[in-house]
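> Build me a model from this:
(one chain, ligands or ions: 1)
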Amino acid sequence: MAAVRSRRGGSRLLPAALAAVAVFLVMRFTSSTQCQLEHATAVGGGSRSSAWPLGSSWFPGSQPLPSMTQRCGDKVDEERFKAYTAYHPSIHGWMADQHPGVLKALTELQHEKCIVGSVGEIGTHHGRFFFALAATAAPDEKLLAIDLYEDQGKNIDASGGTDTSKRTEFKKHAHALGWPEGAITILSADSTTLTPANYTTHGFPAFRLFSVDGGHAYETTLSDMELAARIMHKGGIVIVDDFVNNAWLGVLDGVVTFTRTTKTGYVPFLWTCTKIYFCHRSHHEMYLDFVRTKYDCTSSSSLRPPSYSIGGVQLCVVDPKQCTWSGLQ
Ligand SMILES: *[C@@H]1O[C@H](CO)[C@@H](O)[C@H](O)[C@H]1NC(C)=O
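This is a model prediction of the structure:
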């Protein structure tokens, strides 16, 4: 349970954590030789641990996933969304109550802008956030859940705990929420071994929403983000959990490194309740303008304007005091 407490506790430590980001960035980019050495010997990240990616290419030769046929104006199923909102506190997991609403608002914008595509997550645990993603999907937007499930021996940092009942719990909640058997593709896999081609093979069009909440080590985070950014629809959104959370500095390290080094064009536009939302540079202005109209991006008195950017990219930062955490954690 220690991990549970610290995951929550981290949300209250944003100012300290942002200061840590600043110190970290100064150290990182003034003393890169030492930092790279440390990374080269870091534990974890599965199969990619020996392939420090800076300056090299991830997934060489990978092709963009085909997009779904474009159409505009899909509506979120209000009944299904309401049912999920009432149900989610009974799903074990760590998710602020605000996120389903954020996903719904962003989905409505996407559908208005004719952005349709698959919906998925790496690291579903019992599905608390996954079913929020799923609740936004149009009937033909495919759903993909990836976790190690029974294979917890590969969970090198024990993120999300190591219980082996994840699949049973996930399916129980899927059933309770009315998802028919087979509506959700459940993939048990070490995400660091996947490539964009795997998603094509499994028949997934380019993704509209994708959540990265698997291994919280630096290399796993970076690998999962690089993979996610390559399977997205051009207007898709990648969401990364536990940034900023003092219990999971590997995520902090991975997200910042990704933002500063990725060649995918993915950039952050929103930080709220420990999740950071990324989109392609071509859609950054659209999403940033949108969230600025929906949320108070300037409410945290302890923040100063320079804190509102990472890697030179502006983002909306919502005061963590506005986040609430209910139900099972
Ligand atoms: C991903 O693709 C590789 C190469 O085709 C294959 O060996 C591997 O089994 C695939 N993984 C999954 C989970 O489908």
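> Close to the ligand: what parts of the stretch 51-200 of the chain are there?
Residues of the stretch 51-200 of the chain lying near the ligand by C-beta under 6 Å from any ligand atom: 187, 189, 194, 198. Heads up, the C-betas are built off the backbone N, CA and C, glycines and all.
> Now do the SS call for the first one.
Each residue gets one of three states, and residue 187 gets strand by DSSP: H, G, I helix; E, B strand; the rest coil.
> That one: what's its closest spatial neighbour, skipping adjacent residues?
Nearest residue to residue 187 in three dimensions, chain neighbours excluded: residue 146, at 4.7 Å (C-beta to C-beta, 6 or more residues apart in numbering).
> Now for the one you found: which residues touch it?
Counting by C-beta atoms under 8 Å, 6 or more residues apart in numbering, residue 146 touches 120-124, 187-189, 191, 194, 214.
> does the residue in the stretch 1-150 of the chain that the ligand sits nearest to belong to a helix or a strand, and which?
Residue nearest to the ligand within the stretch 1-150 of the chain (C-beta to the nearest ligand atom): residue 146, separated by 8.6 Å. In the assignment (DSSP states H and E), residue 146 maps to strand 143-147.
> what separates that strand from the chain centre, distance-wise?
13 Å (C-alpha atoms, centre = their mean, to the nearest Å).
> Pull it out as CSV, backbone CA atoms only.
This file holds the C-alpha atoms of strand 143-147, laid out as CSV (Å, rounded to 0.1, in the frame of the first residue of the first chain):
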residue,chain,number,x,y,z
LEU,A,143,-10.8,-0.4,-27.9
LEU,A,144,-7.4,-1.8,-26.8
ALA,A,145,-6.3,-2.7,-23.3
ILE,A,146,-2.7,-3.6,-22.7
ASP,A,147,-1.1,-4.7,-19.4
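> And the average pLDDT for that strand is what?
Across strand 143-147, pLDDT averages out at 97.
> Direction included, what does it pair up with?
strand 118-122 (parallel), strand 184-188 (parallel) (DSSP bridges).
> can I get these in TSV with mean neighbour count?
Formatted as TSV, the strands paired with strand 143-147 follow (neighbours: other C-beta atoms under 10 Å):
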stretch	mean neighbour count
strand 118-122	27
strand 184-188	17
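> For residue 224, find the nearest of the ones you listed.
Comparing the strands paired with strand 143-147 by their distance to residue 224 (C-beta to C-beta), the top pick is strand 118-122, with 5.3 Å.
> Alright, that wraps it up for me.
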